[in-house]
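# need a 3D model of the following:
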Amino acid sequence: MFDALTDKLTSVFQRLASRGRLTEADVDAALREVRVALLEADVNFRVARDLIARVRERALGQQVLQSLSPGQQVVKIVYEELASVLGGSTEAQSLRPSPQAPSVLLMVGLQGSGKTTTAAKLALHLRKQGHRSLLVAADLRRPAAVQQLVALGKQLDIPVYQENPQGNTAIQVARSGVEHGRSLGVTWVIVDTGGRLHVDDELMQELEEVKAATSPAETLLVVDAMTGQDAVRAAGEFHGRIGLTGLVLSKLDGDARGGAALSIASVTGVPVKFVGTGERPDALEAFYPDRMASRILGMGDVKTLVELAQQEIDEKQAKALERKIRQATFNLEDFLQQLRQLKRMGSLSQILSMMPGFSALSKRLPKDAADEGHLKRIEAIILSMTAEERRNPEMLNGSRRRRVALGSGTTPSDVNQLLNQFKQTQKLMKQFSTPGGRKAITRMMR
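The predicted structure follows:
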């Protein structure tokens, strides 16, 4: 979502960093470009104005202008102020349970913001932390909303409380759902409420009554990050009437400008607690303001990348893979296993965006380098091989390669390209497995 903004900011900061000394005119010229980039990204104009004013005040200090690396000092200031706009914390805003179980989590939002899907994602997120949850289908406004939540609960093996929409109200369903959660002994009861295409008095009145009936520990507003400043206005209205404790930004993997995501916490005074990064049930991340600022400025997000890897990569498998690389016995079955682990961590473009410097590097890579379809073709080719062929790729002669291409829906040249690239990888691993190769790696890292 922030690709265009990241590219523009990176370009400005690269020019600054290339200068040995900075003058006040240099700083002003750079900050004008930063301000324009923020406004083009649909950042609230007051937020952009105040951010630039704070950066300018700090950047024009003698300590910065007379330092050995003034350009890098300015980038550091922009990073700190951007993190402040996003929430200012280096830690994620965690959910606060109530003193007595079950704690109620009230999900509110406009229709189409991804509220029902986010409720299921939150239940899965809480289960990973060791908490049992109950989903309550209290959205009786939207047709099939109840069925959607029931289907998601069945898919994730999470219980869902539902009642017939005919003859019941959202207040009754929510209150009964909390009582049912208490009888089940769950830790959290997540109540999915109704939404509309716009904010109106009837919707707010219903939500106020549901909140009074359930006494939630957390009231989270789900906002579509692709709706721009409308999301900021809606958040302000919900907070004024309902009293929010946090925000969830959905669809952060979209291709909209994304300025609302930068403005919303600053304008509303409500912290962002989670961001939705895809369609998958586990595509929900805790929100860290400093990490998001780092991503926007093209510095990557290594901490989140490491956490994702720790969740998906088995320690025993990692040690076995390390041994195979050291012994130069890495084969296509191992490669397939690594490919699947990578896919479980998220989309390839999302993972690569967490690597420092990838924004600049991506311009020099082929257009299909981060193409998900390319990975699917590789997987299809490997799956069309027999187990023996995966373990010993050198046995793949011309006729076998044609069979693999036919089975995977690709061409023989695609199969040849994969095998040639894999052969080069094996050679590199063999070189690095020697004492001299390990020394070469050490020199490269230094």
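# show me where the stretch 151-300 of the chain has strands.
Assigned strands in the stretch 151-300 of the chain, in chain order: 160-161, 188-193, 218-224, 246-250, 272-276, 284-286 (criterion: DSSP state E, counting those that start in this stretch).
# what's the most buried one of the ones you listed?
Across the strands of the stretch 151-300 of the chain, the average number of neighbours (mean count of other C-beta atoms under 10 Å) peaks for strand 188-193, which reaches a mean of 28. Heads up, the C-betas are built off the backbone N, CA and C, glycines and all.
# that one: partners in the sheet, and parallel or antiparallel?
Take DSSP bridges as the rule and strand 188-193 pairs in its sheet with strand 103-109 (parallel), strand 133-138 (parallel).
# out of those strands, indicate the one that is most buried.
Counting by mean count of other C-beta under 10 Å, strand 133-138 has the highest mean neighbour count of those, with a mean of 29.
# correct me if wrong: V43 contacts S266.
No. With contact defined as C-beta atoms under 8 Å, V43 does not reach S266; the gap is 9.4 Å.
# of these two, who's got more company?
More crowded of V43 and S266, by other C-beta atoms under 10 Å: V43, with 26 against 19.
# so what's that one up against?
Applying C-beta atoms under 8 Å, 6 or more residues apart in numbering, we find V43 in contact with G259, L262, S263.
# of the residues you listed, which is the nearest to T219?
When the contacts of V43 are compared for distance to T219 (C-beta to C-beta), S263 wins out at 20.6 Å.
# please name the nearest non-neighbouring residue to that closest one.
Take S263 and drop its neighbours on the chain: the residue closest to it by C-beta to C-beta, 6 or more residues apart in numbering is N44, 3.7 Å away.
# give me the number of residues near the one you found?
Neighbour tally, N44, other C-beta under 10 Å: 22.
# which other residues reach the helix or strand hosting L51?
Assigned by DSSP states H and E, L51 belongs to helix 45-59. For helix 45-59, contacts defined as C-beta under 8 Å, 6+ apart pick out 27-28, 31, 34-35, 38-39, 64, 73-74, 77-78, 81-82, 85, 262-263, 266-267.
# and the average pLDDT for that helix is what?
Averaging pLDDT along helix 45-59 yields 86.
# geometric centre of the chain: which residue is closest?
Closest to where the C-alpha atoms of the chain average out (C-alpha atoms, centre = their mean) is T277, at 3.9 Å.
# that residue contacts A283, correct?
Yes. With contacts counted by C-beta under 8 Å, T277 reaches A283, the gap being 4.8 Å.
# picking that back up, among the contacts of V43, which lie within helices?
G259, L262, S263 (DSSP state H).
# including pLDDT, neighbour count and distance to F13, could those residues go into JSON lines?
Below are these laid out as JSON lines (pLDDT from 0 to 100; neighbours: other C-beta atoms under 10 Å; distance: C-beta to C-beta, whole Å):
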{"residue": "G259", "pLDDT": "72", "neighbour count": "26", "distance to F13": "19"}
{"residue": "L262", "pLDDT": "76", "neighbour count": "28", "distance to F13": "17"}
{"residue": "S263", "pLDDT": "79", "neighbour count": "26", "distance to F13": "21"}
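# ok so, going back, the strands of the stretch 151-300 of the chain into TSV, with extra columns for mean pLDDT and distance to L124?
Shown next, in TSV, are those (pLDDT from 0 to 100; distance: least, C-beta to C-beta, whole Å):
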stretch	mean pLDDT	distance to L124
strand 160-161	94	13
strand 188-193	94	11
strand 218-224	91	15
strand 246-250	89	14
strand 272-276	88	12
strand 284-286	86	8
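# for H125, find the nearest of these.
Counting by C-beta to C-beta, H125 lies closest to strand 284-286 out of the strands of the stretch 151-300 of the chain; the figure is 5.5 Å.
# quick one: contacts of the closest one?
Outside strand 284-286, the residues that touch it by C-beta under 8 Å, 6+ apart are 92-94, 118, 121-122, 124-125, 273-277, 304.
# how many neighbours does the residue lying closest to I77 once chain neighbours are set aside have?
Spatial nearest neighbour of I77, excluding adjacent residues (C-beta to C-beta, 6+ apart): R58 at 4.8 Å. Counted with other C-beta under 10 Å, the neighbours of R58 add up to 17.
# now do the one 3 residues further on
Using other C-beta under 10 Å, the number of residues around G61 comes to 12.
# low-confidence regions, this structure specifically.
For the chain, the stretches with pLDDT under 70 are 1-3, 20, 62-68, 90-92, 254-258, 298-328, 342-372, 429-446.
# please name the residues that touch L16.
Counting by C-beta under 8 Å, 6+ apart, L16 touches L22, D26, A30, P70, G71, V74, V75.
# run through the residues that contact G114.
By C-beta under 8 Å, 6+ apart, the neighbours of G114 are V222, D224, S250, K251, G276.
# make JSON lines out of the residues you listed and add distance to G185.
Formatted as JSON lines, these follow (distance: C-beta to C-beta, whole Å):
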{"residue": "V222", "distance to G185": "27"}
{"residue": "D224", "distance to G185": "35"}
{"residue": "S250", "distance to G185": "30"}
{"residue": "K251", "distance to G185": "34"}
{"residue": "G276", "distance to G185": "29"}
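# now do the phi/psi pair for the nearest residue to N392 once chain neighbours are set aside.
In this structure, N392 finds its nearest non-sequential neighbour in N331, 7.5 Å apart by C-beta to C-beta, 6+ apart. Dihedral pair for N331: phi -120, psi -180, per degrees, to the nearest 10.
# leaving out sequence neighbours, find the closest residue to L95.
Spatial nearest neighbour of L95, chain neighbours left out: E218 (5.5 Å); criterion: C-beta to C-beta, 6+ apart.
# what of T117?
L152 (6.9 Å).
# quick one, what contacts the one you found?
Contacts of L152 by C-beta under 8 Å, 6+ apart are T116, T117, A120, L135, I158, V160, P281.
# helix or strand: which one has the third one?
In the assignment (DSSP H and E), A120 maps to helix 115-128.
# which strands and helices lie in contact with that helix?
Applying 3 or more C-beta pairs under 8 Å, 6 or more residues apart in numbering; DSSP states H and E, we find helix 115-128 packed against strand 103-109, strand 133-138, helix 145-156, strand 188-193, strand 218-224, strand 246-250, strand 272-276, strand 284-286.
# export the ones you listed to JSON lines and tack on distance to R401?
Below are the helices and strands packed on helix 115-128 laid out as JSON lines (distance: least, C-beta to C-beta, whole Å):
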{"stretch": "strand 103-109", "distance to R401": "52"}
{"stretch": "strand 133-138", "distance to R401": "50"}
{"stretch": "helix 145-156", "distance to R401": "39"}
{"stretch": "strand 188-193", "distance to R401": "51"}
{"stretch": "strand 218-224", "distance to R401": "47"}
{"stretch": "strand 246-250", "distance to R401": "44"}
{"stretch": "strand 272-276", "distance to R401": "42"}
{"stretch": "strand 284-286", "distance to R401": "41"}
